[in-house]
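[1] the following block contains a protein sequence and its predicted model.
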Amino acid sequence: MYHFIALITMTIWGTTYISTKVLICHGLTPVEIIFYRFSMAYVCIWPFSFHHLWAKTLKDELLFVAAGLCGGSLYFLSENTALGMTLASNVSLILCTAPIITAFLYFFLNKGERLKSSLIYGSLMALIGVALVIFNGDVILKVNPLGDFLTLLAALMWAIYSLIVKHLGAGYPALLVTRKVFFYGLLTLIPVLPFSPVRFDTTVLFQPEVYGNLIFLGLVASMLCYLMWNAAMKRLGVVRVTNYIYIGPVVTLVASHFLIHERITAIALLGSAFILSGVYMAEKGLPSIKKIQRAVLKNR
């Protein structure tokens, strides 16, 4: 069930690029989009999680601050700023290094654990598939050092966020963790507001395309998906769940085809097959030669 929850979450997140693009085209800034979606998510989750305001210890409260910073304000500011500086394909590809970064950080911090070869090979196969899906047959390489660095920073922030939430999930309900992430995500956004203030322009906000996409991003992509993602990490582990990030570009590819009529090429379909195979390999591993031989002999 939790694998299905992670898959559904990534399917929804894979469509958020289109919603964000629509909002930017209507004149909203990246900071305004973050502010509106997190504010809406926090207000809506509050009635379901208001019993405990503070963490059990000061250390845990500081970890919640770090989670809100890494998985909220800093992640979205880095990603959205990078989208304005480098190619969207660069951003999508570099963000998909988050599972690899997460895996190496996790095994570096837990030295008693062993990094499985199937996880490494599966991640590399999925990453190749992501590149094929994103470029979709049109290989355009354009390096923007600052934009690409900000994207890599966003991927690192998500990896750190995942590890922090995994640690906090052992002692706190997913609902409480999610609520505090939204709160501190908004709080750590305050230093940016003097440079990019939030405008409450009702002529823009009351347009159906604008408030429709904001409701989707706030209630579904933020409140519901963060809750489901945190719950899945608590149950399955941070490394296994983070591998579902590779599914995002496939969802974006399909959604773009049906919603904004973008072309799907044979290269993109091959990339999708690479991604699904890589995720399966990272999760299940590959059967050994001896197992295959035993299976063949048994069938004889």
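    Looks like it arrived, so ask away.
[2] report how many residues lie close to A55.
    19 (other C-beta atoms under 10 Å). C-beta: built from backbone N, CA, C; applies to glycine.
[3] tell me the pLDDT of it.
    Predicted confidence (pLDDT) for A55: 88.
[4] before we move on, what about the one 10 residues further on?
    We have a pLDDT of 95 for V65.
[5] what about it, helix or strand, and which?
    Assessed by DSSP states H and E, V65 sits inside helix 58-68.
[6] for A232, see how far away I8 is.
    The gap separating I8 from A232 is 10 Å, by C-beta to C-beta, to the nearest Å.
[7] now do S92
    22 Å.
[8] neighbour count: the two, which is higher?
    Using other C-beta under 10 Å as the criterion, S92 and A232 rank with A232 on top: 27 against 20.
[9] for whichever strand or helix holds that one, packing partners?
    Taking DSSP H and E as the definition, A232 sits inside helix 225-236. Helices and strands touching helix 225-236, by 3 or more C-beta pairs under 8 Å, 6 or more residues apart in numbering; DSSP states H and E, are helix 2-13, helix 145-169, helix 174-187, helix 238-242.
[10] just the mean pLDDT for the shortest one, thanks.
    Looking at helix 238-242 alone, the average pLDDT works out to 81.
[11] and the next helix or strand after it, what's buried?
    On the C-terminal side of helix 238-242, the closest following helix or strand by DSSP H and E is helix 248-259. Buried residues in helix 248-259, counting neighbours by 16 or more other C-beta atoms under 10 Å, are found at 248-256.
[12] with stretch 176-190 instead?
    Quick answer for stretch 176-190 (16+ other C-beta under 10 Å): 176-186, 188-189.
[13] all helices for the stretch 1-150 of the chain, in order.
    All helices of the stretch 1-150 of the chain, identified by DSSP state H, counting those that start in this stretch, fall at 2-13, 16-25, 30-45, 58-68, 74-83, 88-95, 98-109, 117-135, 145-169.
[14] neighbouring contacts of the fifth one?
    Outside helix 74-83, the residues within contact range by C-beta atoms under 8 Å, 6 or more residues apart in numbering are 20, 30-31, 33-34, 90-91, 95, 147-148, 150-151, 153-154, 157-158, 161, 188-189, 192.
[15] CA atoms only: put it into PDB for me.
    Presented in PDB, the C-alpha positions along helix 74-83 are these (Å, rounded to 0.1, in the frame of the first residue of the first chain):
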ATOM      1  CA  LEU A  74      15.200  26.800   0.000                       C
ATOM      2  CA  TYR A  75      14.200  23.900  -2.200                       C
ATOM      3  CA  PHE A  76      11.500  25.800  -4.100                       C
ATOM      4  CA  LEU A  77      13.500  29.000  -4.300                       C
ATOM      5  CA  SER A  78      16.500  27.200  -5.700                       C
ATOM      6  CA  GLU A  79      14.400  25.200  -8.200                       C
ATOM      7  CA  ASN A  80      12.200  28.100  -9.400                       C
ATOM      8  CA  THR A  81      15.200  30.500  -9.700                       C
ATOM      9  CA  ALA A  82      17.100  27.900 -11.700                       C
ATOM     10  CA  LEU A  83      14.200  27.500 -14.100                       C
END
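[16] average model confidence for that helix?
    84.
[17] angle of it against helix 16-25?
    In terms of direction (axes from the mean of the first three to the mean of the last three C-alpha atoms, to 10 degrees), helix 74-83 departs from helix 16-25 by 70 degrees.
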